[in-house]
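[1] Sequence and predicted structure below; questions after.
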Amino acid sequence: MALFLIGIPVLFLEISLGQYYQRGDVSVFGGIHKRMRGVGLLSIICGYLLFSYYSMIITWVLRALFESGTSSAPWGHEQITSDASYAYFLNEITGIKYMGDDTMPTRLIWQNALYSILTFAIIYLCSAVGKL
């Protein structure tokens, strides 16, 4: 509900003001009033925070996609349960130790760091090609 009432109208506001002023967020809101530059700066900071959150989710999905055909994936067995696949995702993909109802972060997964570099490269290429 908040997306339709706040998010989309603010998005259209930023786009239309950016088109009118032909500048970025900080300059647009600074053009309205000098003290409103913080609003533009906060929108940029929120974009970076969302980028860091969703890029890690994309990293996990890419790793699960590439490793789904290996022999270590649990769905190659006939007796697979949903709990076993969930535990595989938490233990192997995300690095969270799964023991029933108790989940605890335990270790750094170096494969995720490499897949994260791949994710950043894909996002960079999509951004670079999208500007052409």
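    Good, I have the coordinates. Owing to the predicted nature of the structure, the values given are computational and were not obtained by experimental measurement.
[2] Could you use CA atoms for every contact and neighbour count after this?
    Fine.
[3] can you give me the helices for the protein?
    Listed in chain order, the helices found in the chain under DSSP state H are 2, 8-21, 25-32, 37-67, 82-88, 110-130.
[4] For the fourth one, list every residue counted as buried.
    Residues of helix 37-67 classed as buried by neighbour count (16 or more other CA atoms under 10 Å): 37, 40-41, 55-56, 59-64.
[5] quick revisit: out of the helices of the chain, which comes closest to Thr94?
    Closest of the helices of the chain to Thr94 is helix 37-67, at 6.8 Å (criterion: CA to CA).
[6] now the closest one, how far from the centre of its chain.
    The chain centre lies 3 Å from the centre of helix 37-67; the measure is CA atoms, centre = their mean, to the nearest Å.
[7] got the angle for that helix vs helix 110-130?
    Here helix 37-67 runs at an angle of 120 degrees relative to helix 110-130 (axes from the mean of the first three to the mean of the last three CA atoms, to 10 degrees).
[8] circling back: dump the helices of the chain into CSV; add distance to Pro74 as well.
    As requested, the helices of the chain are arranged in CSV below (distance: least, CA to CA, whole Å):
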stretch, distance to Pro74
helix 2, 39
helix 8-21, 41
helix 25-32, 47
helix 37-67, 11
helix 82-88, 6
helix 110-130, 18
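[9] just the buried residues of helix 37-67 now: which is nearest Pro9?
    Closest approach between the buried residues of helix 37-67 and Pro9, by CA to CA: Gly40, at 15.4 Å.
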